[in-house]
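Visitor: Structure of the sequence below:
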Amino acid sequence: MKSTEQVLAELQSAFPGAGVTLLVNPSPSAQHSLLLAAADALPVAAYLRDQLGYDYCSNVTGVDWLDKETIEKVKTTRTVAKQVDGVELSVEETVEETVKRVEPGYLEAVYHLYSMKHGPSDPHPPLVLRMRTANRTDSVELPSLTPVWRSAEFQEREIFDLYGIVFKGHRDLRRLLMWDEFEDHPMRRDYVDPDDYEYEPTPHDEVLKRAELHSAQAPQEAAR
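Guide: Residues are numbered from 1 along each chain as shown. The predicted model follows:
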C-alpha cells in the first residue's frame with residue numbers, strides 16, 4: 001500500500017519541477033493531501049489514473065478561505081542619537097514592533113480519489129488532491145479535471161455555482177442549484193443573505209419579517 005508521501009515521490013520523479021507539494025494533516029486521521037499547481041494538474045491527474053490506478057473520483061468539494069490577518073512581533077535595530085556626558089553619540093538600539101500582514105484568501109477544489117482497478121487484493125489508500133485559485137475575486141480559474149475523471153462533472157458545476165470557481169475546459173459549466181439569473185455564490189463565507197425573499201413561497205418567522213421590511217423599503221428606494 002502506497003502512502004501519500006510515496007505517491008508524491010513517484011510524481012516528482014515522473015514530472016521533475018512540477019508544482020506538486022504535500023499538505024500535512026496534523027489531526028489524528030493524518031490524511032495528508034497533495035496540492036497541485038493549476039498548470040500541471042491535468043498531466044499529473046492523467047498519470048495518477050493511468051499509471052497509479054486512481055481511476056475513480058468519488059467526490060469533489062469546494063472550500064472558501066478568507067483573507068487571513070496575522071500579527072507578529074518583529075525586533076529591529078535602529079540608530080538613534082543620544083547625549084552621553086554632554087556628547088552626542090550614535091547608538092544602536094533594538095526595538096520590538098508589531099507588524100500586521102494580510103495573506104490573500106483563495107478558493108480551493110478538493111478531489112477524493114480511489115482505485116477501483118486494484119481492488120481489495122492490492123489496496124490503494126484514498127488520495128486527496130487540492131487546487132487553489134490565485135484569489136477570491138478576479139483570478140478564480142482552475143482547470144477542470146473532468147477530462148480525466150468524468151464523475152467530477154456535476155460536482156465541479158456545483159462548486160462553480162456555490163463558490164464561484166471557474167473550471168476551464170468543463171464542457172457544460174453552468175449553475176446547478178441556483179437559477180441562471182442569480183449573481184452570487186451562497187457558500188462563500190462572506191455571503192450575505194438578500195433582503196428580498198420573494199422567491200420564498202411560504203415566508204415565515206424571521207424570513208417573513210425581512211420580506212415585509214424589504215417590501216416597505218422598496219417604494220422609498222424606487223423614489224430616490
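
Visitor: Domains of this structure: list them as residue ranges, please.
Guide: 4-66+106-168, 68-102, 193-224 (automatic domain parsing).

Visitor: Mind listing what's buried along stretch 15-32?
Guide: For stretch 15-32, the buried set under the neighbour-count rule, 16 or more other CB atoms under 10 Å, comprises 18, 20, 32. (C-beta placed from N, C-alpha, C; glycine too.)

Visitor: I misspoke; the intended subject was stretch 34-50.
Guide: For stretch 34-50, using 16+ other CB under 10 Å, the buried residues are 34, 36, 38, 40-42, 44-45, 47-49.

Visitor: Show me where the chain dips below the pLDDT cut-off.
Guide: Residue ranges of the chain with pLDDT under 70: 1, 119-123, 195-203, 218-224.

Visitor: just the helices in the protein please.
Guide: 4-14, 41-50, 153-163, 205-223 (DSSP state H).

Visitor: want to try a markdown table for the ones you listed, with distance to Arg175 as columns?
Guide: Listed next are those as a markdown table, based on distance: least, CB to CB, whole Å:
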| stretch | distance to Arg175 |
| --- | --- |
| helix 4-14 | 34 |
| helix 41-50 | 23 |
| helix 153-163 | 4 |
| helix 205-223 | 22 |
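
Visitor: most neighbours per residue, which of the ones you listed?
Guide: Comparing the helices of the chain by mean neighbour count (mean count of other CB atoms under 10 Å), helix 153-163 comes out on top with a mean of 21.

Visitor: who touches that one?
Guide: The contact list for helix 153-163, computed with CB atoms under 8 Å, 6 or more residues apart in numbering, reads 59-64, 107, 109, 144-146, 165-167, 170-178, 185-188.

Visitor: how about the CA coordinates for that helix, as PDB?
Guide: Listed next in PDB are the C-alpha coordinates belonging to helix 153-163 (Å, rounded to 0.1, in the frame of the first residue of the first chain):
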ATOM      1  CA  GLU A 153     -18.700  16.900 -14.000                       C
ATOM      2  CA  PHE A 154     -21.700  17.600 -11.800                       C
ATOM      3  CA  GLN A 155     -19.700  18.300  -8.700                       C
ATOM      4  CA  GLU A 156     -17.500  20.900 -10.500                       C
ATOM      5  CA  ARG A 157     -20.700  22.500 -11.700                       C
ATOM      6  CA  GLU A 158     -22.000  22.600  -8.100                       C
ATOM      7  CA  ILE A 159     -18.700  24.200  -6.900                       C
ATOM      8  CA  PHE A 160     -18.900  26.800  -9.700                       C
ATOM      9  CA  ASP A 161     -22.500  27.600  -8.700                       C
ATOM     10  CA  LEU A 162     -22.000  27.800  -4.900                       C
ATOM     11  CA  TYR A 163     -18.300  29.000  -4.600                       C
END
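
Visitor: Can you tell me how far Thr133 is from Ile71?
Guide: 26 Å (CB to CB, to the nearest Å).

Visitor: So between those two, which is more surrounded?
Guide: Neighbours of Thr133 and Ile71, each counted by other CB atoms under 10 Å, are more numerous for Thr133; the result is 22 against 8.

Visitor: The more buried one contacts Gly164, doesn't it?
Guide: No: between Thr133 and Gly164 there is no contact under CB atoms under 8 Å: 9.0 Å.

Visitor: between the two, what contacts are shared?
Guide: Counting by CB under 8 Å, 6+ apart, the contacts common to Thr133 and Gly164 are 107, 140.

Visitor: thinking again about what came up before, and the helices of the chain: which comes nearest Lys100?
Guide: Evaluated with CB to CB, the helices of the chain place helix 153-163 nearest to Lys100, the distance being 27.5 Å.
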